[in-house]
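Colleague: Model the following, please.
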Amino acid sequence: MAELRLRNVNKVFQQTHVLHDINLHIADGDFVVFVGPSGCGKSTLLRTIAGLEDITSGELYIGGALVNDVAPAKRGVGMVFQSYALYPHMTVYENMAFGLKLDGAGQDEIRSKVESVAQTLQLGALLKRKPAALSGGQRQRVAIGRAIVREPKVFLFDEPLSNLDASLRVQTRLEIAKLHERLGSTMIYVTHDQVEAMTLADKIVVMNQGRIEQVGTPLELYNQPASEFVATFIGSPRMNMLKGKAAEDLGGATLGIRPEHLQVRTQGEAGDWKGVLRMAEHLGSDTYVYVDVAGVGEMTARIVGEMELEPGCELYLHAPSQHMHLFDAQGKPVDASLRRTA
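Modeller: Next up is the predicted model:
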């Protein structure tokens with residue numbers, strides 16, 4: 001059983017309050033992603049779960065047992081860091097076997113576990129190589145394998161793909177997702193990349209300034225953001241946020257519209273915003289247009305496929321009402337029943 005519960009967890013470094021009353025339940029077998037901007041406390045929270053940071057106040061339970069004062073090696077967690085942290089003088093086999101040796105496992109048990117995990121991670125042919133002879137993706141798989149062989153209750157990943165190039169990030173991300181499917185283990189993954197969060201997670205924990213802003217499935221966060229912060233952080237390109245009359249007419253302080261929900265027209269209709277195209281980004285599968293709208297500012301729209309447009313041309317933007325997100329002055333969603341019709 002690898003259920004985790006955090007109750008009113010706080011972390012203070014000297015005079016700096018880093019984590020504020022963290023309350024979180026992670027069910028056995030969940031793949032949970034902590035996401036947020038740099039400095040939001042997500043890595044500190046992960047290190048607190050691992051036991052690498054002490055809890056200032058609050059309680060942490062793993063598998064129903066209180067582990068506040070339990071040493072990291074006794075918590076049943078396996079951690080994979082942003083840096084691979086492999087021993088350069090050891091082979092792949094020796095790196096993966098090192099933790100088991102420290103635990104006092106016998107040679108036959110070590111060989112059986114390492115070879116089995118190596119086959120799962122497609123490292124079987126690389127066991128005699130040293131890290132210098134491996135690619136970045138292979139090194140990361142070795143680091144993951146080193147954690148797996150110890151059969152932890154919980155896997156902790158601290159931005160494990162940050163050192164990989166774009167194509168390797170995609171490939172390794174898929175491998176991690178497949179690994180979770182095969183093992184069924186509880187996994188907690190830290191990233192600042194919301195695309196990784198959306199594609200990997202069963203549940204996303206969005207953090208901001210040491211606090212949890214929202215917990216939910218990727219689509220819950222995308223479709224029903226619980227704050228203006230979540231709305232702008234989840235989704236790429238980020239949600240358009242309109243202040244002033246556009247929001248006030250509907251009874252709010254800020255009107256949010258995702259770029260993919262804006263309809264782009266060359267002829268205006270009632271309710272459209274009229275603007276001038278500043279720039280278009282042609283990506284083949286999509287076209288992103290950046291439009292200067294008088295009295296509103298710049299708005300971004302995503303068009304599926306190609307649309308031939310010249311900078312300086314007039315465009316009209318329309319947002320269906322069902323795709324409008326309205327927020328009050330505190331950045332909280334305005335209840336649909338309180339909205340006014342523009």
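Colleague: Quick check: next helix or strand after the helix or strand bottoming out on mean pLDDT in the chain?
Modeller: Considering only helices and strands, the least confidently modelled element of the chain by mean pLDDT, DSSP states H and E is helix 166-183, at a mean of 83. Using DSSP states H and E, the next helix or strand after helix 166-183 towards the C-terminus is strand 186-191.
Colleague: tell me the mean pLDDT for that next one?
Modeller: Mean pLDDT, strand 186-191: 94.
Colleague: so what strands line up beside it?
Modeller: strand 31-35 (parallel), strand 154-158 (parallel) (DSSP bridges).
Colleague: In terms of mean pLDDT, which of the ones you listed ranks lowest?
Modeller: For the strands paired with strand 186-191, where the average pLDDT is lowest is strand 154-158, sitting at a mean of 92.
Colleague: got the angle for that strand vs helix 166-183?
Modeller: Orientation check (axes from the mean of the first three to the mean of the last three Cα atoms, to 10 degrees): strand 154-158 against helix 166-183 gives 170 degrees.
Colleague: residues in contact with strand 154-158?
Modeller: Strand 154-158 has contacts (Cβ atoms under 8 Å, 6 or more residues apart in numbering) with 2, 4, 43, 46-47, 49-50, 62, 75-82, 147-148, 176, 185-190. Just so you know, the C-beta spots here come from the backbone N, C-alpha and C atoms, and that holds for glycine as well.
Colleague: CA atoms of that strand as CSV?
Modeller: Presented in CSV, the C-alpha positions along strand 154-158 are these (Å, rounded to 0.1, in the frame of the first residue of the first chain):
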residue,chain,number,x,y,z
VAL,A,154,6.7,5.4,-4.1
PHE,A,155,8.8,6.7,-7.0
LEU,A,156,9.8,10.4,-6.9
PHE,A,157,11.0,12.2,-10.0
ASP,A,158,12.6,15.6,-9.7
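Colleague: hang on, the earlier thing: filter the contacts of strand 154-158 down to just the buried residues.
Modeller: For the contacts of strand 154-158, a neighbour count by 16 or more other Cβ atoms under 10 Å gives the buried set as 2, 4, 43, 46-47, 49-50, 62, 75-80, 82, 147-148, 176, 185-190.
Colleague: Among the residues you listed, which lie within helices?
Modeller: Among those, the residues falling in helices (DSSP state H) are 43, 46, 47, 49, 50, 147, 148, 176.
Colleague: Tally up the residues packed near the nearest residue to residue 70 once chain neighbours are set aside, please.
Modeller: Distances taken as Cβ to Cβ, 6 or more residues apart in numbering put residue 51 closest to residue 70, at 6.6 Å, once the chain neighbours are dropped. For residue 51, the count of nearby residues is 21 (other Cβ atoms under 10 Å).
Colleague: any idea of the pLDDT on residue 51?
Modeller: 95.
Colleague: sec struct for the most centrally placed residue in the chain, please.
Modeller: By Cα atoms, centre = their mean, the chain has its centre lying nearest to residue 197, at 2.9 Å. Following DSSP: H, G, I helix; E, B strand; the rest coil, residue 197 is assigned to helix.
Colleague: domains for this structure, by residue range?
Modeller: Structural domains assigned to the chain are 4-229, 241-338, following automatic domain parsing.
Colleague: give me the beta-bridge partners of residue 215?
Modeller: In beta-bridge terms (that is, DSSP bridges), residue 215 pairs with residue 205.
Colleague: Count the residues that sit near residue 207.
Modeller: Number of residues near residue 207 (other Cβ under 10 Å) recorded here: 26.
Colleague: Skipping adjacent residues, who's closest to it in space?
Modeller: Nearest to residue 207 is residue 36, by Cβ to Cβ, 6+ apart, at 3.7 Å.
Colleague: what does residue 22 give?
Modeller: Using Cβ to Cβ, 6+ apart, the closest residue to residue 22 is residue 9 (4.1 Å).
Colleague: Quick check: the one you found is in a strand.
Modeller: Yes. Judged by three-state DSSP, residue 9 forms part of a strand.
Colleague: what's the spacing between it and residue 56?
Modeller: Noted for residue 9: a distance of 8 Å to residue 56, by Cβ to Cβ, to the nearest Å.
Colleague: the more surrounded of those two?
Modeller: A count of neighbours by other Cβ under 10 Å puts residue 9 above the other of residue 9 and residue 56, at 22 against 14.
Colleague: so what's the closest residue to residue 100 other than its chain neighbours scoring on pLDDT?
Modeller: Excluding the flanking residues, the one nearest residue 100 by Cβ to Cβ, 6+ apart is residue 110, at 4.7 Å. Note on residue 110: pLDDT of 93.
Colleague: Distance of residue 110 relative to residue 96?
Modeller: In this view, residue 110 and residue 96 are 9 Å apart by Cβ to Cβ.
Colleague: and these two? which has more neighbours close in?
Modeller: Using other Cβ under 10 Å, the more surrounded residue of residue 110 and residue 96 is residue 96, with 29 against 19.
Colleague: Can you tell me the element the more buried one falls in?
Modeller: Following DSSP H and E, one finds residue 96 within helix 92-102.
Colleague: now what about the helix or strand that that helix is followed by, what contacts it?
Modeller: The C-terminal neighbour of helix 92-102 among helices and strands, as given by DSSP H and E, is helix 107-120. Helix 107-120 is contacted by residues 92-93, 96-97, 100-101, 105, 123-124, 126-127, 145, 148-149, 151, 179, 182 when judged by Cβ under 8 Å, 6+ apart.
Colleague: Please consider this matter closed, and thank you.
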